[in-house]
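**Student:** Have a look; sequence and predicted model below, questions after that.
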Amino acid sequence: MSSPLANPAFRTLFAAQICSLVAVGLLTVALSLTAYDLGGDAAGGRILGFLLALKMVAYVGLAPFAETLLANRPRRPVMVALDLSRLALLLPMALVTQTWQIAALAFAFFAVSSAFTPLFQSVIPDLLPEEETYSRALAYSRIAYTLESILSPVIAGVVLRFVASDELFYCAALAFLGSVAALLATRFPVADILARKGPFLRRAMRGLSIYRHTPRLRGLFLLNFALSLSMAWVLVNTVVFAGQRLGDAEHYYPILMAFYGVGAAAGALLVPRLVKRMQERRVMFAGAVGFAAIGVLIVLPLHLVALAVMWTGFGLASSLVLTPGGLVLARSANREDRPAVFAAQFSLSHAGWLVAYPLAGWLASWVSLETALVMLAALGSITAVFAMRVWPADDPLERVHAHPELPDDHPHLNDEPSEGSSHKHRHAYRIDDLHPHWPGSPA
């Protein structure tokens, strides 16, 4: 198994991802501080919650349309332009004095991000077509995401020793400059324009349509949603748990989340080997059910060491679900459809979090923290079991199917030789214009 870092194009693309993650992390801290400055003790939390809700609305509603608007164009210039747009939106954020101003700028920023992230993710399988190498690249990417969430407050804290809080926006802009430089240094795949034709709305819905007609992708969504139900409790309520049960949120919250990050990094490193032995479906199911099973332990009288082990397990289980998703997406779409499918995944996964986050917060305030986690774990386990029914255990990539509707001289039949008058043949089956329905499913 070769390292993805041996590929120069992936190295620079990975550097762009790291710079982008640092920028977004600094922005998140800066938005939190700005919300507090604008709203104070009384309204700061409501303003930040509103800004984060705008983020979810942008991610859920705009990703498929943004990807379609930018399709049929070379990806590197588009991605550079999107990064420069995000940079430009950061600069006036340091000068805002009204809530509506930061809300408008933040929504525009998140709208641009909803176009950038799926496009970025779709490039990696084109740079690394060998599946095992791509699997390791996904692990590195997941580790980078995990470390960003943990280290961003630390980095911001260091930066704030030298600059004022509103100048964090400028520091984030500098990080985006690093991303732009790395993108410009990346050699993108030849023939990088992935042309798609048809009416705009049909093209915008293409990724969602491929998702709807592909059983393994429906299973992927359900497994991601199963994880989000339990994981949302960890992300929303760990700080509350540290304060109420351990007596010092400021001290114990970073400790628990640091152990979560260690587990997530370890899990991401394990995924390539596990996928090779077990396949994505079983690995992801083990992660979703494992996360829920660990969550049930919250009812026990656990001391800090046991809680640290528990949060490490949470992190490891989350990586087992989140890391293999890119492999499933890349395998389930033709190259020209990958950006649309990644955009659909981006939108649908955030829709799941849009449900899970408020549910985790509401349940914890309605019942106890421990009971809320047990209830969410039960819901997650049921959803994971349902996902395994939707995603068949026997799920070969190549499938025998027929094309009685095609003439004998159709190019597709020349590419993939067929037999008989019904033009039966076998190849890697993916939903597209020639294969609009899954074999064995109703037309």
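**Tutor:** Structure's in. What do you need? Residues are numbered from 1 along each chain as shown.
**Student:** Contacts only, for the residue nearest to S421 when sequence neighbours are not counted.
**Tutor:** In this structure, S421 finds its nearest non-sequential neighbour in P404, 7.3 Å apart by CB to CB, 6 or more residues apart in numbering. Just so you know, the C-beta spots here come from the backbone N, C-alpha and C atoms, and that holds for glycine as well. Counting by CB atoms under 8 Å, 6 or more residues apart in numbering, P404 touches S421, S422, H423.
**Student:** Could you identify the buried members of the residues you listed?
**Tutor:** Buried members of the contacts of P404, counted by 16 or more other CB atoms under 10 Å: H423.
**Student:** Pull up the gap between the residue nearest to S421 and S422, please.
**Tutor:** Plainly put, P404 is 4 Å away from S422 if you go by CB to CB, to the nearest Å.
**Student:** who's in contact with A81?
**Tutor:** Here A81 is in contact with no residue (CB under 8 Å, 6+ apart).
**Student:** any idea how far it lies from L184?
**Tutor:** From A81 to L184 the distance is 12 Å (CB to CB).
**Student:** Then V57?
**Tutor:** 32 Å.
**Student:** again, but for T383
**Tutor:** Applying CB to CB, the value for T383 to L184 is 42 Å.
**Student:** So for those two, which sits in the more crowded spot?
**Tutor:** More crowded of T383 and L184, by other CB atoms under 10 Å: T383, with 21 against 14.
**Student:** element containing that one?
**Tutor:** helix 369-390 (DSSP states H and E).
**Student:** where's that helix relative to the chain centroid, distance-wise?
**Tutor:** Computed by CA atoms, centre = their mean, to the nearest Å, the separation of helix 369-390 from the middle of its chain amounts to 20 Å.
**Student:** which stretches of this protein form strands?
**Tutor:** Secondary structure of the chain by DSSP state E: the strands cover 398-401, 425-428.
**Student:** What residues of the first one count as buried?
**Tutor:** For strand 398-401, the buried set under the neighbour-count rule, 16+ other CB under 10 Å, comprises R399, H401.
**Student:** Spatially nearest residue to L31 (excluding sequence neighbours)?
**Tutor:** L51 is the one closest to L31 (CB to CB, 6+ apart), at 5.7 Å.
**Student:** which strands and helices sit next to the helix ranked longest in the chain?
**Tutor:** Ranked by residue count, the top helix of the chain under DSSP state H comes out as helix 8-70. Counting contacts by 3 or more CB pairs under 8 Å, 6 or more residues apart in numbering; DSSP states H and E, helix 8-70 packs against helix 75-93, helix 99-127, helix 131-159, helix 168-185, helix 200-204, helix 206-213, helix 338-366.
**Student:** OK, contacts around the most centrally placed residue in the chain?
**Tutor:** By CA atoms, centre = their mean, the mean C-alpha position of the chain lies nearest to F346, the distance being 5.8 Å. Counting by CB under 8 Å, 6+ apart, F346 touches Y59, A63, S114, T117, P118, Q121.
**Student:** Out of these, grab the one that's most surrounded.
**Tutor:** Sorting the contacts of F346 by how many neighbours each has (other CB under 10 Å) puts A63 first, at 30 neighbours.
**Student:** what pLDDT does that one get?
**Tutor:** Here, the pLDDT recorded for A63 equals 88.
**Student:** gap between it and Q345?
**Tutor:** 9 Å.
**Student:** what is in contact with these two at once?
**Tutor:** P118.
**Student:** Packing partners of the helix or strand bottoming out on mean pLDDT in the chain?
**Tutor:** None of the helices or strands of the chain scores lower by mean pLDDT, DSSP states H and E than helix 200-204, at a mean of 75. Helices and strands touching helix 200-204, by 3+ CB pairs under 8 Å, 6+ apart, are helix 8-70.
**Student:** tell me how far the helix it packs on is from the chain's mean position?
**Tutor:** 13 Å.
**Student:** Not counting its neighbours along the chain, what's nearest T28?
**Tutor:** Counting by CB to CB, 6+ apart, the residue nearest T28 is S152, at 6.4 Å.
**Student:** pLDDT value on the one you found, please?
**Tutor:** Predicted confidence (pLDDT) for S152: 79.
**Student:** returning to what we had before: of the contacts of P404, which is the nearest to Y170?
**Tutor:** H423 (61.1 Å; CB to CB).
**Student:** do you know how far that closest one is from G261?
**Tutor:** For H423 relative to G261 (CB to CB), the value is 53 Å.
**Student:** what do you get for E250?
**Tutor:** 18 Å.
**Student:** Who has more neighbours out of these two?
**Tutor:** Per other CB under 10 Å, whichever of E250 and G261 has more neighbours is G261, with 20 against 9.
**Student:** which residues touch the more buried one?
**Tutor:** With CB under 8 Å, 6+ apart, G261 has these contacts: T146, L147, S149, I150, G315.
**Student:** most surrounded residue in these?
**Tutor:** When neighbours are counted by other CB under 10 Å, G315 leads the contacts of G261 with 25 neighbours.
**Student:** For that residue, which residues are in contact?
**Tutor:** Neighbours of G315 in contact, by CB under 8 Å, 6+ apart: T146, F259, Y260, G261, V262, G263, A264, A265, A266, G267.
**Student:** Does the residue nearest to T28 touch L26 like I think?
**Tutor:** Yes - because the distance of 6.6 Å satisfies CB atoms under 8 Å, S152 is recorded as touching L26.
**Student:** of those two, who's got more company?
**Tutor:** More crowded of S152 and L26, by other CB under 10 Å: L26, with 25 against 19.
**Student:** Tell me how far the more buried one lies from D415.
**Tutor:** 49 Å.
**Student:** For A402, give me phi and psi.
**Tutor:** Per-residue torsions, A402: phi -120, psi 160 (degrees, to the nearest 10).
**Student:** Distance check, it against Y357.
**Tutor:** A402 is 46 Å from Y357, where distance means CB to CB.
**Student:** Between these two, which is the more surrounded one?
**Tutor:** Y357 (20 against 15).
**Student:** and that one, what pLDDT?
**Tutor:** Predicted confidence (pLDDT) for Y357: 90.
**Student:** Spatially, what comes nearest to it if we skip its sequence neighbours?
**Tutor:** That would be A232: by CB to CB, 6+ apart, it lies 5.1 Å from Y357.
**Student:** Name all residues that make contact with that neighbour.
**Tutor:** A232 neighbours (CB under 8 Å, 6+ apart): W353, A356, Y357, L359, A360, L376.
**Student:** so what's the third one up against?
**Tutor:** I take that to be Y357. A232, L235, V236.
**Student:** Roughly how far does it sit from A364?
**Tutor:** 11 Å.
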